[in-house]
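Asker: Here is my input; please provide its structure:
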Amino acid sequence: MMRSNNKEADHSEKVLNGAIGCPGIVIGQTCIYKRRKPTVSSTRVADDGIPHQVDKFHQARKKAKKELQHLLGAGPDEDSVDLINTQIEMLKDPELCERVEQQISEHNQSADSAIHNVFGDYLEAIKQNHREDFLERSVDIADVRDRLIQIIHNHDDEIAAGSIMVAKELSPREVIAFSNQDIKGIVMDRGGTTSHAAIIARSMNIPTIVGVKKATRIIKAEDEVIIDGLNGDVIVHPTEKNKEKYRELIEQQVQISGDDEAVCSQPNRTADDHPFVLRANIEFPEELTSVEKYKAEGIGLLRTESSYLRESQFREEEHQEKFYSTILKATDPHPVIIRLFDAGGDKLFKESSKEQNPFLGWRGIRMLLDSPDLLDNQLRAILAAAGKHKQRVRILIPMISTPKQLHRIKERIETLQHELEEKGRETDPDVQVGIMVEVPNVALQARLFAREADFLSIGTNDLTQYVLAVDRGHEQISSLYEQRHPAIWQLINMVAQAGIEENTPVSVCGELASDPISACCLLGLGINELSMNPLILPKVKKMLCNRKLTDMQAFAKDLLEADTVDDINTLFLNWKESTNNT
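Answerer: Numbers count the residues shown, from 1 in each chain. Alright, predicted model coming up:
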């Protein structure tokens with residue numbers, strides 16, 4: 001095949017897509033970052049050289065720790081501190097150090113080889129779980145490994161200041177370190193919007209697009225690119241017309257940012273003065289900045305399993321209590337809904353036998369009731385934090401499918417409260433206990449569960465995959481995963497009506513709440529409490545404030561009469577057009 005000599009063709013405009021890690025628009029030249037992975041020595045070390053290799057390992061640890069402490073001392077955004085400390089604690093881990101020393105002394109391995117092998121064992125164990133939470137944790141572990149080996153080989157990372165960085169993936173340490181070199185934006189092949197790197201980028205307001213497949217293959221060093229952090233696009237070799245368009249958008253963003261703050265400062269009321277509540281879904285303290293910025297009325301879903309996975313100390317009761325207290329203090333006086341560990345099955349804490357169908361297996365409340373120490377530690381920490389922040393903590397139980405499971409948790413809470421009180425600890429006797437509505441039988445028996453629980457929270461993501469029998473992470477059948485499906489809306493309506501009849505609050509914390517038009521329909525069905533990623537909150541609030549509840553109720557009625565997804569998509573399109581015309 002002949003290679004084209006047309007250079008213009010090689011530099012034609014290309015648009016790549018990903019997920020928005022941090023919103024914003026920037027134009028600039030790229031710097032391709034490839035984390036150095038030096039060749040690890042395979043030569044056996046003589047017996048008399050073992051002490052020197054052990055010393056090299058400890059010197060590398062000392063330098064890596066000093067670098068991280070320097071980042072702390074440089075006064076990074078406080079949201080970054082925990083992630084830096086996580087890597088410091090990893091370097092101090094006595095078990096890890098002992099295993100590296102053992103590899104050197106018992107197997108005559110060089111320091112770099114021993115580090116590579118020991119960390120490799122950890123990473124292989126994590127990879128077996130095939131879960132985003134674990135894979136995210138592996139980025140931090142690999143970063144510590146690679147930095148130790150770099151130090152042993154006297155290598156340092158260098159990037160062009162003021163550039164847009166393109167990388168396969170970045171660790172939190174790298175984002176923090178490179179932010180000091182004035183990077184304008186970040187594009188990553190991998191990662192999600194809740195990855196540690198994305199969280200840090202948001203806290204530092206660095207426009208970031210993640211999950212851009214093959215970005216590092218397509219984009220070259222010093223290419224001119226535009227990061228469109230409003231639509232999740234990366235435009236490579238933009239035309240002059242597009243560059244002018246985005247320069248104007250950058251100027252408009254200053255105004256839009258002010259508009260978002262103005263919208264969020266308005267009362268949460270529809271155009272005909274009906275009140276509603278918008279809360280935030282978070283899992284890390286680093287996200288509290290956005291919660292405050294967009295004025296969320298508390299936390300509608302505090303995920304806890306990721307903190308358990310990323311920090312070994314989190315398994316201790318006092319560390320959990322501190323975590324919950326941090327969230328409660330920052331969101332005072334609003335409520336915080338804490339979901340119990342939603343783990344097991346697809347995100348196992350322990351590598352036990354593999355499950356054939358993990359999403360339908362030993363997970364959520366099923367796993368917790370079989371793990372009393374894990375459950376009691378978390379409940380005690382929550383109850384202790386609740387004692388200091390009365391009438392604000394609500395406990396959410398995942399994967400409920402029978403009333404008996406709810407009764408057992410309530411009994412356990414009562415017992416643990418008595419134990420804490422006997423030790424002189426203050427508790428809140430009015431802590432509310434609610435359930436996730438994600439298993440179809442719970443939605444179908446919503447009135448029964450509404451009588452038993454203090455509140456219901458609909459998790460539309462899992463409810464959809466269970467109702468439609470579609471694994472939402474399976475690429476081959478992803479087109480069948482449709483949260484707008486008529487059956488989903490019918491079930492949501494059943495839960496909403498049960499809540500109204502039994503006077504039990506109902507909220508939605510799944511992806512549907514993050515879509516402005518879906519949010520209008522949810523209000524129309526009588527669900528006045530919605531929870532979402534705080535970055536989405538201004539868009540949802542703007543639409544809810546600009547439309548009348550009576551219109552939303554009529555919209556919901558039409559939607560419940562629809563037979564197909566196409567019918568519903570048409571209703572959504574009509575609603576959007578009518579909104580644009582108002």
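Asker: use CA for all of it now, contacts and neighbours both
Answerer: Fine.
Asker: what residues are up against residue 139?
Answerer: Neighbouring residues of residue 139 by C-alpha atoms under 8 Å, 6 or more residues apart in numbering: 169, 170, 171.
Asker: hmm, 6 Å instead?
Answerer: Contacts for residue 139 were tallied using C-alpha atoms under 6 Å, 6 or more residues apart in numbering; they are residue 171.
Asker: May I ask which helix or strand encompasses it?
Answerer: Using DSSP states H and E, residue 139 sits in helix 132-152.
Asker: what comes up buried for stretch 51-66?
Answerer: Within stretch 51-66, the residues scored as buried using 16 or more other C-alpha atoms under 10 Å are 53, 54, 56, 57, 58, 60, 61, 64, 65.
Asker: List the contacts of the last one.
Answerer: Going back to what we said before, that points to residue 65. Going by C-alpha under 6 Å, 6+ apart, residue 65 touches residue 88.
Asker: switch the cut-off to 10 Å
Answerer: Residue 65 makes contacts with 59, 71, 84, 85, 87, 88, 89, 90, 91, 92, 144, 148, as judged by C-alpha atoms under 10 Å, 6 or more residues apart in numbering.
Asker: what do you get for the fourth one?
Answerer: In this structure, residue 57 makes contact with 51, 97, 100-101, 104, 110-112, 114-115, 148-149, 151-152, judged by C-alpha under 10 Å, 6+ apart.
Asker: Between the two ends of stretch 434-445, how far is it?
Answerer: Using C-alpha to C-alpha, to the nearest Å, one end of stretch 434-445 lies 15 Å from the other.
Asker: same thing with stretch 439-453?
Answerer: Start-to-end span of stretch 439-453 (C-alpha to C-alpha) is 15 Å.
Asker: Buried residues of that stretch, list them for me.
Answerer: For stretch 439-453, burial by neighbour count (16+ other C-alpha under 10 Å) applies to 439, 440, 442, 443, 444, 446, 447, 449, 450, 451, 452, 453.
Asker: And for stretch 141-149?
Answerer: By neighbour count with 16+ other C-alpha under 10 Å, stretch 141-149 contains the buried residues 141, 142, 143, 144, 145, 146, 147, 148, 149.
Asker: now the longest helix anywhere in the chain: mean pLDDT?
Answerer: In the chain, with assignment by DSSP state H, the single longest helix is helix 240-265. Across helix 240-265, the average pLDDT comes to 80.
Asker: Would you map the helices across the stretch 1-150 of the chain?
Answerer: 7-10, 50-73, 78-92, 94-107, 111-127, 132-152 (DSSP state H, counting those that start in this stretch).
Asker: and the fourth one, which residues are buried?
Answerer: Judged by neighbour count using 16+ other C-alpha under 10 Å, the buried positions of helix 94-107 are 96, 97, 99, 100, 101, 102, 103, 104, 105.
Asker: Also the fifth one?
Answerer: Across helix 111-127, burial judged by 16+ other C-alpha under 10 Å covers 111, 112, 113, 114, 115, 116, 117, 118, 119, 123, 126.
Asker: Just want the angle from it to helix 50-73.
Answerer: In terms of direction (axes from the mean of the first three to the mean of the last three C-alpha atoms, to 10 degrees), helix 111-127 departs from helix 50-73 by 60 degrees.
Asker: Remind me what the following helix or strand past the helix holding residue 139 packs against, helices and strands.
Answerer: Per DSSP H and E, the first helix or strand lying C-terminal to helix 132-152 is strand 164-167. Judged by 3 or more C-alpha pairs under 10 Å, 6 or more residues apart in numbering; DSSP states H and E, strand 164-167 is in contact with strand 25-33, strand 185-188, strand 208-210, helix 215-218, strand 224-228.
Asker: What is the distance between strand 164-167 and the centre of its chain?
Answerer: Distance of strand 164-167 from the chain centroid (C-alpha atoms, centre = their mean, to the nearest Å) equals 21 Å.
Asker: Given it, what are its sheet partners and their directions?
Answerer: When sheet partners are counted by DSSP bridges, strand 164-167 sits next to strand 25-33 (parallel), strand 185-188 (parallel).
Asker: how about low-confidence regions in the stretch 51-200 of the chain?
Answerer: Along the stretch 51-200 of the chain, segments meeting pLDDT under 70 span 72-82, 126-137, 156-158, 193-194.
Asker: scratch that, the stretch 251-400 of the chain
Answerer: Short version for the stretch 251-400 of the chain, where the test is pLDDT under 70: 253-258, 306-315, 343-359.
Asker: Try it again at 80.
Answerer: Applying pLDDT under 80 to the stretch 251-400 of the chain picks out residues 251-261, 283-284, 286-287, 305-316, 343-363.
Asker: All the helices of it, in order from the start?
Answerer: 288-293, 305-310, 317-330, 365-369, 372-388.
Asker: Now mean neighbour count and distance to residue 509 too, for the ones you listed, in TSV please.
Answerer: Listed next are the helices of the stretch 251-400 of the chain as TSV, based on neighbours: other C-alpha atoms under 10 Å; distance: least, C-alpha to C-alpha, whole Å:
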stretch	mean neighbour count	distance to residue 509
helix 288-293	18	15
helix 305-310	18	17
helix 317-330	18	18
helix 365-369	20	18
helix 372-388	20	20
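Asker: Export those to a markdown table and append columns for distance to residue 477.
Answerer: Shown next, in a markdown table, are the helices of the stretch 251-400 of the chain (distance: least, C-alpha to C-alpha, whole Å):
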| stretch | distance to residue 477 |
| --- | --- |
| helix 288-293 | 34 |
| helix 305-310 | 27 |
| helix 317-330 | 38 |
| helix 365-369 | 27 |
| helix 372-388 | 35 |
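Asker: I am finished for the moment; much appreciated.
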